[in-house]
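Chemist: Provided below are the primary sequence and the corresponding predicted coordinates.
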Amino acid sequence: MLASVPSATLHGVDGRPVAVEVHVSGGLPGFTVVGLPDAAVRESRDRVRAAVLSSALTWPKHRVTVNLAPSGRRKGGSGLDLPIAIGVLVADGSVSERDVEDTAFIGELGLDGSLRPVPGIVPMVAALTCRRVVVPVECAVEARLVGGHEVRGAAGLGQLVSALRGQGPWADTAARTTDATELPPSPDLADVRGQPVGRRALEVAAAGGHHLLLVGPPGSGKTMLATRLPGLLPPLGRDDALEVTRIHSAAGVSLAGGALAQRPPFRAPHHGATEVSLVGGGTAWLRPGEISLAHCGVLFLDELGEFPAVALDMLRQPLEEGVVRIRRARRAIDLPARFLLVGAMNPCPCGEGSVPGACRCTEAARARYARRLSAPLLDRFDLALGLGRPDVDDLLGGPPGEASAVVAERVRFARLVAATRGVRCNAEIAPQLLDELCPLSPEGAALLERRLRSGALSARGFHRIRRVARTLADLDDVGPVIGERQVAEAIHLRDARGAQAHEVPS
């Protein structure tokens, strides 16, 4: 009386296959779960027994031992309820082994025998090699996004057992489709009046994947510009869409219409967010944070100066590597975190520091506010732009700017040119390839040399300016050699503060 049922658990954003082995033997009735289960799995003993009895099925009056293999890995989550219940029924003879052959099970059981959805269905199903997978009916559409499996949905344990025996139908999931639903339109860049430099910086950021910092007083349009950035980015490719969907599924974030992600994600956490909520991790179970949820998209940190300094400095390594490596005493995970960072902040605590005679802050308060952002973090912004309030004439009767669709077409062309160099965007060009892929004209090289010798530019900043200049040359379609004009504009966009902006060091 031994049964083995395939299933899976979640580890970060990846699924791990688990073999649920159930042994029913003689002796005093009991129920034991071994194999490094967490609290949720240990509590499944009561849920599974109540669900079996509530479904008019027979619970064995013997000793039941459940082993979760491999036994050396910790298992967590309530998704093992269903495979444990099926394993008990197979081991007791209530369900034939032929009925569950080459079939995996994932789902949480209610005390009444109902099946409830669990987070992380996409990565868990992707980790399985079985021909057929049974999941809660609410998760069936999401599970089918993986492809390669016959996905069956079940509403309750009793109905599932009847379907396995061939005595009843499977739960109806025909009303749910995997077709992409029509998404609401993105905010249009044509809504932004004035701010030509800000619009240009937004286009460059989208075309090259460059991190952008916007500094200006309240009402200057920082948030309005940032929220229009995702509409300039090209749609996600198949591989990126699957990866983004997998991350959101692992985090328990609902997917639009149950379909694959189509647009680059846009995440805008509040400035009260903790370090773990931004970077990911946790104590009981490791989960992706905001930077992973923004993978292949935009992470917008409004009121950047109000975020905890420790939380901001934790972004430095993911910004460089595109992955966040979380290490604990007993667990270690690597979470994808390749995102475009957009920060927005006021020039001072009162917000009026760029308006002559309007600032109410003391010098000490301004100095403390400036120290919220460390120099190494600031150096990772490719574009640091100062914004003033838009001109009154532009607000009242100025002509609308270019629509997002027009700018997005130029961004798409620049991304296609970058793809010929073997990168997704110019921000990913490795330093050792800059001389080959970003050659400078003599005038452009002399301009950068002067900045370096004056101490106004770090080595990292030097590399980032060359990448931005490469993007500008692609947008201008000037050929492989980067001219002095593109270099000068890249320097200006990285340090264009003038009288309207906060003093952010390069």
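Modeler: That came in fine, so what should we check first?

Chemist: Tell me which residue is most central in this structure.
Modeler: For the chain, the residue nearest the mean C-alpha position is Leu293 (1.9 Å; Cα atoms, centre = their mean).

Chemist: how close does it sit to Leu109?
Modeler: 29 Å (Cβ to Cβ, to the nearest Å). Heads up, the C-betas are built off the backbone N, CA and C, glycines and all.

Chemist: do the same with Val411
Modeler: 48 Å.

Chemist: now do Ala69
Modeler: For Ala69 relative to Leu109 (Cβ to Cβ), the value is 21 Å.

Chemist: Would you map out the domains in this structure?
Modeler: 2-165, 189-495 (automatic domain parsing).

Chemist: and the last one, how far out from the chain's middle?
Modeler: Here domain 189-495 shows a centroid-to-chain-centroid distance of 15 Å under the convention Cα atoms, centre = their mean, to the nearest Å.

Chemist: just the shortest one next, same as before
Modeler: The offset between the C-alpha centroid of domain 2-165 and the centroid of the whole chain comes to 29 Å, using Cα atoms, centre = their mean.

Chemist: Is the spatially closest residue to Arg152 that is not a sequence neighbour in a helix, a strand, or coil?
Modeler: Leaving out its chain neighbours, the residue that sits closest to Arg152 by Cβ to Cβ, 6 or more residues apart in numbering is Val134, at 4.8 Å. Three-state assignment for Val134 (DSSP: H, G, I helix; E, B strand; the rest coil): strand.

Chemist: residues contacting Val134?
Modeler: Leu82, Thr103, Ala104, Phe105, Ile106, Gly107, Arg152, Gly153, Ala154, Leu160 (Cβ atoms under 8 Å, 6 or more residues apart in numbering).

Chemist: Who is the second one paired with across the strands?
Modeler: Yep, that's Thr103 we're talking about. Arg132 (DSSP bridges).

Chemist: quick one: the strands in the stretch 51-200 of the chain?
Modeler: With DSSP state E, counting those that start in this stretch, the ranges of strands along the stretch 51-200 of the chain come out as 63-69, 103-105, 108-109, 115-116, 132-136, 150-154.

Chemist: hmm, back to that, with neighbour numbers in mind, choose between Ala69 and Leu109.
Modeler: Taking other Cβ atoms under 10 Å, Ala69 and Leu109 do not tie; Leu109 has more neighbours (27 against 15).

Chemist: For Leu396, what is the enclosing helix or strand?
Modeler: Applying DSSP states H and E as the criterion places Leu396 in helix 392-397.

Chemist: pLDDT on that helix, on average?
Modeler: Averaged across helix 392-397, pLDDT comes to 79.

Chemist: Can you give the contact residues for it?
Modeler: Residues contacting helix 392-397 (Cβ under 8 Å, 6+ apart): Arg193, Gly194.

Chemist: tell me which residues of it are tucked away?
Modeler: Within helix 392-397, the residues scored as buried using 16 or more other Cβ atoms under 10 Å are Asp394.

Chemist: which element follows it toward the C-terminus?
Modeler: helix 404-419.

Chemist: Using PDB, write down the CA coordinates of that next one.
Modeler: Output of helix 404-419 as PDB, limited to C-alpha atoms (Å, rounded to 0.1, in the frame of the first residue of the first chain):
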ATOM      1  CA  SER A 404       3.500  58.100 -27.900                       C
ATOM      2  CA  ALA A 405       3.000  56.000 -31.100                       C
ATOM      3  CA  VAL A 406       5.300  58.300 -33.100                       C
ATOM      4  CA  VAL A 407       8.000  58.300 -30.500                       C
ATOM      5  CA  ALA A 408       7.600  54.500 -29.900                       C
ATOM      6  CA  GLU A 409       8.400  53.900 -33.600                       C
ATOM      7  CA  ARG A 410      11.700  55.700 -33.300                       C
ATOM      8  CA  VAL A 411      12.400  53.700 -30.100                       C
ATOM      9  CA  ARG A 412      11.600  50.500 -31.900                       C
ATOM     10  CA  PHE A 413      14.100  51.300 -34.700                       C
ATOM     11  CA  ALA A 414      16.800  52.100 -32.100                       C
ATOM     12  CA  ARG A 415      16.200  48.800 -30.400                       C
ATOM     13  CA  LEU A 416      16.400  46.900 -33.700                       C
ATOM     14  CA  VAL A 417      19.700  48.600 -34.400                       C
ATOM     15  CA  ALA A 418      21.000  47.600 -30.900                       C
ATOM     16  CA  ALA A 419      19.900  44.000 -31.500                       C
END
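
Chemist: Could you list the paired strands of the longest strand along the chain along with their orientation?
Modeler: Counting residues, the longest strand in the chain under DSSP state E turns out to be strand 14-25. Strand pairing for strand 14-25, determined by DSSP bridges: strand 2-11 (antiparallel), strand 63-69 (antiparallel).

Chemist: nearest to Ala367, of the ones you listed?
Modeler: strand 2-11 (44.5 Å; Cβ to Cβ).

Chemist: and the residue lying closest to Leu89 once chain neighbours are set aside, what does it touch?
Modeler: Among residues not flanking Leu89 along the chain, Val95 sits closest, at 4.4 Å (Cβ to Cβ, 6+ apart). Contact analysis of Val95 by Cβ under 8 Å, 6+ apart lists Ile86, Leu89, Val161, Leu164, Arg165.

Chemist: ok, the second one - contacts?
Modeler: By Cβ under 8 Å, 6+ apart, the residues touching Leu89 are Val52, Leu57, Val95, Val161.

Chemist: so which two of the residues you listed are the farthest from each other?
Modeler: Pairwise over the contacts of Leu89, using Cβ to Cβ, the maximum falls at Val52 and Val95, 11.1 Å.
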